[in-house]
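[1] Give me a model of this one.
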Amino acid sequence: MTTTLGNRPYKHLAHPTAPVADTLDGKLGDAIDDRVADALEDYIAEGRLDGRIRPRRSPVGLATAVAAGVAAVLLPWCLILAATLPSTYQAGHWKLTWIGLDCGTAIAAGLTAYLLHKRNRYAALTAMAAGTLLTADAWFDVSTASAGFDRTLSLTEALLLELPLAVCAFVVAARELKRR
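    Numbering: from 1, shown residues only. A predicted model of the protein is given here:
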């Protein structure tokens, strides 16, 4: 099979579902610029195009499979943890855990502010991270607090500060994703 790109002949160049001649000859074939034909000729000469135009495999399929696999493993794991974890535990690095969580939250929020100021598209990612960390902070504050004043303080902070700020961060992330 021979087809032309512009005024240049190419042999055996076909799409898996349709010959190139069907798609490139006629009006579309006439509109192809000589530079495109030269680039295709170079690709064929260098062996980067082996006579067939193939659709690239999308990383979305792999990412979907990995995400589904993680969910499938974590759901039964949560049930195992619910059945086997002790109700109390003595943590060896309690201060480091909380300082690390709060520092991570501060870094995510600060980076979000910087990226928003620079009108950088990655602000959506850091805003999502900040919202997630704020939500986790509220959860762990409330769930690890002792009964009484500590639990009341944790609930107050969660309901009046951390969760509203998390919602704001998620709104910023959604707005930035729509804007781009």
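
[2] Quick one: residues contacting Asp102.
    When contacts are counted by C-beta atoms under 8 Å, 6 or more residues apart in numbering, Asp102 touches Asp137. (C-beta placed from N, C-alpha, C; glycine too.)

[3] try Leu134
    Taking C-beta under 8 Å, 6+ apart as the contact definition, Leu134 lies against Thr105, Glu162, Leu163, Leu165, Ala166, Ala169.

[4] 10 Å - rerun?
    For Leu134, the residues meeting the contact criterion (C-beta atoms under 10 Å, 6 or more residues apart in numbering) are 101, 105, 108-109, 158, 161-170.

[5] now Gly104
    Taking C-beta under 10 Å, 6+ apart as the criterion, Gly104 is in contact with Ala129, Ala130, Leu133, Ala136, Asp137.

[6] Now with 7 Å, please.
    For Gly104, the contacting residues are Leu133, by C-beta atoms under 7 Å, 6 or more residues apart in numbering.

[7] pLDDT score assigned to Leu101?
    For Leu101, the model assigns a pLDDT of 97.

[8] Now name the helix or strand holding the closest residue to it other than its chain neighbours.
    In this structure, Leu101 finds its nearest non-sequential neighbour in Asp137, 5.7 Å apart by C-beta to C-beta, 6 or more residues apart in numbering. Mapping Asp137 onto the secondary structure by DSSP states H and E places it in helix 123-144.

[9] Could you report the neighbour count for Ala130?
    One way to gauge burial is a neighbour count; for Ala130, by other C-beta atoms under 10 Å, it gives 27.

[10] separation between it and Ala39?
    Using C-beta to C-beta, to the nearest Å, we find Ala130 at a distance of 44 Å from Ala39.

[11] Could you list the low-pLDDT ranges of this protein?
    Using pLDDT under 70 as the threshold, the predicted model of the chain has low-confidence ranges 1-37, 40, 43-58, 180.

[12] And the strands in it?
    2-5, 8-11 (DSSP state E).

[13] Flag every buried residue along stretch 95-108.
    If you call a residue buried by 16 or more other C-beta atoms under 10 Å, then stretch 95-108 has these buried ones: Leu101, Thr105, Ala108.

[14] Would you mind measuring from Leu161 to Ala113?
    When C-beta to C-beta is applied, the distance between Leu161 and Ala113 equals 17 Å.
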